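Colleague: When you get a sec, could you give me coordinates for this:
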Amino acid sequence: MESRLKEGKDTVYIVNFWATWCKPCVKELANFDRVARENQDNAVRVLLVSIDDKSTLNTTVKPFVQRQDLQAEVLMLDELKPHVWIDRVDSSWSGAIPATMLVQTSTRRREFFEQEFSYVELNNKLSDFLKGTP
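Modeller: Have a look, this model is predicted:
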């Protein structure tokens, strides 16, 4: 994931951590996808990072993504030690999902949220982030 973030120097990334078995995650995915579609022409990218077991990629995750018609970029987390990558994302993260991080790579600015987002809440957070307000 870190290498993917470094690719877009002037891009704001909305990184959402989710899983197919997480009901609040599944409920909010459409909101992230809508924001991704609405910002296709802007320097905003949505990365949906599945934390499902990688052995379920072909049997569960890919079919789920297709059924949901997700247009945002979907990545599969490939980490064996959750405590290590959780701390790399944000030291305050308990590991609960859904969790979302807003990142501006060029300025190294990050904001982290351990919560479910409605479309309006997500859009407001993105707008505030783009303006530079917390």
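Colleague: Now do stretch 13-21: distance to the chain's middle.
Modeller: 4 Å (CA atoms, centre = their mean, to the nearest Å).
Colleague: Quick one: residues in contact with it.
Modeller: 1, 5, 25-26, 28-29, 32, 35-36, 44-52, 56, 60-61, 64, 77, 89, 97-105, 122, 126 (CB atoms under 8 Å, 6 or more residues apart in numbering). From N, CA and C alone the C-beta is placed, and that goes for glycine too.
Colleague: Give the buried subset of those as a PyMOL selection command.
Modeller: To isolate the buried subset of the contacts of stretch 13-21 in PyMOL, counting by 16 or more other CB atoms under 10 Å, use the following:
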select buried, resi 1+5+25+28+29+32+35+36+44+45+46+47+48+49+50+51+52+56+60+61+64+89+97+98+99+100+101+102+103+104+105+122+126
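Colleague: In strands only, show me the contacts of stretch 13-21.
Modeller: Residues of the contacts of stretch 13-21 located in strands (DSSP state E): 44-50, 99-104.
Colleague: Thanks a lot, catch you later.
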